[in-house]
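>>> Fold the following for me, if possible:
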Amino acid sequence: MNVKHFISFFVVLVIVAGFVSVGCKRHDTSSGQHLTDAEISRKAVGVWTVPHVPEKMEVRSDGSYFQGTGTSVIGGSWHIEDGYFVAIITNMPGHTPGVFGQPTRYKITSIEDHQMTFVLEGRRGPINIINP
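Numbering: from 1, shown residues only. Have a look, this model is predicted:
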């Protein structure tokens, strides 16, 4: 995994995110409902963490996200498109702002009020994150 994908992956882990598998449809597992992109967007807003990892990611309703602490905060934009969480890094410490710009897509397989599961596009294996 190259540095850009690792950073995008880590950012989204702390952003958005308990999903089960690539083949699942996006839904609220507590009610069995299928959610629209707008509904997923509303549920994605908040502060997310990967269990047992101290980093946090803040996903804001204005389409921005921030991950990290102190002088090592990564930032960017996000949106939901066809059930995918799409993240674009726009600011990373030590790099010229705005030089990234390539979207990284994560298929949301499940989202509830306090848990999200997704899979990095082109990869296998779910990533679970929580919103305590």
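
>>> Tell me how many other residues crowd residue 107.
Here the number of neighbours of residue 107 (other C-beta atoms under 10 Å) works out to 22. For every residue, glycine as well, the C-beta is placed using N, CA and C.

>>> and if you look at residue 89?
Burial measure for residue 89: 24 neighbouring residues, criterion other C-beta under 10 Å.

>>> looking just at contacts, which helices and strands does the host helix or strand of it meet?
For residue 89, the element it lies in under DSSP states H and E is strand 84-91. With contacts taken as 3 or more C-beta pairs under 8 Å, 6 or more residues apart in numbering; DSSP states H and E, strand 84-91 sits against helix 3-15, strand 74-81, strand 104-111.

>>> helix/strand/coil for residue 53?
Classification of residue 53 by DSSP: H, G, I helix; E, B strand; the rest coil places it in coil.

>>> average model confidence for the strand holding residue 89?
On average, the pLDDT along strand 84-91 is 91.

>>> quick one: that strand to strand 74-81, angle?
Using axes from the mean of the first three to the mean of the last three C-alpha atoms, to 10 degrees, the direction of strand 84-91 lies 160 degrees away from that of strand 74-81.

>>> Can you list the strands that strand 84-91 pairs with?
Taking DSSP bridges as the criterion, strand 84-91 forms sheet pairs with strand 74-81 (antiparallel), strand 104-111 (antiparallel).

>>> between these, which one is nearest to residue 93?
strand 74-81 (7.4 Å; C-beta to C-beta).

>>> then that closest one to PDB, C-alphas only?
Listed in PDB are the C-alpha atoms of strand 74-81, where the atom choice follows Å, rounded to 0.1, in the frame of the first residue of the first chain:
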ATOM      1  CA  ILE A  74      -4.500  15.600   8.100                       C
ATOM      2  CA  GLY A  75      -7.600  17.200   6.500                       C
ATOM      3  CA  GLY A  76      -9.700  16.900   3.500                       C
ATOM      4  CA  SER A  77     -13.100  16.700   2.000                       C
ATOM      5  CA  TRP A  78     -15.600  13.800   1.900                       C
ATOM      6  CA  HIS A  79     -19.000  12.800   0.500                       C
ATOM      7  CA  ILE A  80     -21.100   9.800   0.000                       C
ATOM      8  CA  GLU A  81     -21.600   8.500  -3.600                       C
END
